[in-house]
Structure formats: structure tokens, C-alpha cells
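Participant: Give me the fold of what follows.
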Amino acid sequence: MSALWIAHVTVTDPDAYGRYAQLAGPAIAKHGGAFIARGGRFVQLEGKERPRNVVARFPSVEAAEACYHSPEYQEALNHARGASERELVIVEITE
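Facilitator: I've put the predicted structure just below:
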């Protein structure tokens, strides 16, 4: 079953986070991920509001998790640490 990678982000260092984004996109694509929402309009109904919300679709939970643990994504993530506050969850799509 497909899965969604859902990130809620507050960027605190735009330059460093920009380096993250440049590396993260190719890492996500390499693992079969495709962005379906990136920083668009949103309505916060509950919980902590984060100004940037990103959703990527992966072929499976396992593919999304493998992406997260991959050397390519971990290299990208090194730029996001300290440059953002974020939550990331992988959710299986039940179709």
C-alpha cells in the first residue's frame, strides 16, 4: 500500500534549510517519492501551527522509511537540524 510522508515545519535558518531542500528532493525521488503538497495554503484546525507543510507520496511505508534512513536523506537532514523545528510522520494509505 502507498504511504504519505507528512512534514510540518517552521524554518529558523532559511539558508541552511535551502541546502536541505536541494538535497532532500533528489533523495526522496530516488526512493520513489513524489511531492503532492509543498508549502501551499493551509488551514490549521488543531495542534501547533507550522507555516510549511509538505506531503510526499511513496510506494509503501517501507520505501518512505528507507528514504529517511538513506545516506542521501541523512546528508540533507544534517542541514535541517538546527535550521528548523519539525515533525515528520509516515502514514499508510488505506485505499
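Participant: name the helices or strands packed onto the host helix or strand of residue 27?
Facilitator: Element membership of residue 27, judged by DSSP states H and E, is helix 14-30. Here helix 14-30 touches strand 34-38, helix 61-69, helix 71-80, going by 3 or more C-beta pairs under 8 Å, 6 or more residues apart in numbering; DSSP states H and E. All C-beta spots, glycine's among them, are computed from the backbone N, C-alpha and C.
Participant: now what about that helix, what contacts it?
Facilitator: Residues outside helix 14-30 that contact it (C-beta atoms under 8 Å, 6 or more residues apart in numbering): 5, 11, 34-35, 56, 67, 70, 72-73, 75-77, 79-80, 82-84.
Participant: For that helix, buried residues please.
Facilitator: Across helix 14-30, burial judged by 16 or more other C-beta atoms under 10 Å covers 16, 17, 19, 20, 21, 23, 24, 27, 28.
Participant: Tabulate those residues in CSV, adding columns for pLDDT and distance to residue 95.
Facilitator: CSV is the format used below for the buried residues of helix 14-30 (pLDDT from 0 to 100; distance: C-beta to C-beta, whole Å):
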residue, pLDDT, distance to residue 95
16, 96, 37
17, 95, 33
19, 96, 35
20, 96, 31
21, 95, 29
23, 97, 31
24, 97, 26
27, 97, 26
28, 98, 21
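Participant: Once you drop chain neighbours, what's closest to residue 48?
Facilitator: Among residues not flanking residue 48 along the chain, residue 8 sits closest, at 7.6 Å (C-beta to C-beta, 6 or more residues apart in numbering).
Participant: right, and the one you found touches residue 51 too?
Facilitator: No - look at residue 8 against residue 51 with C-beta atoms under 8 Å: they stay out of range, at 9.2 Å.
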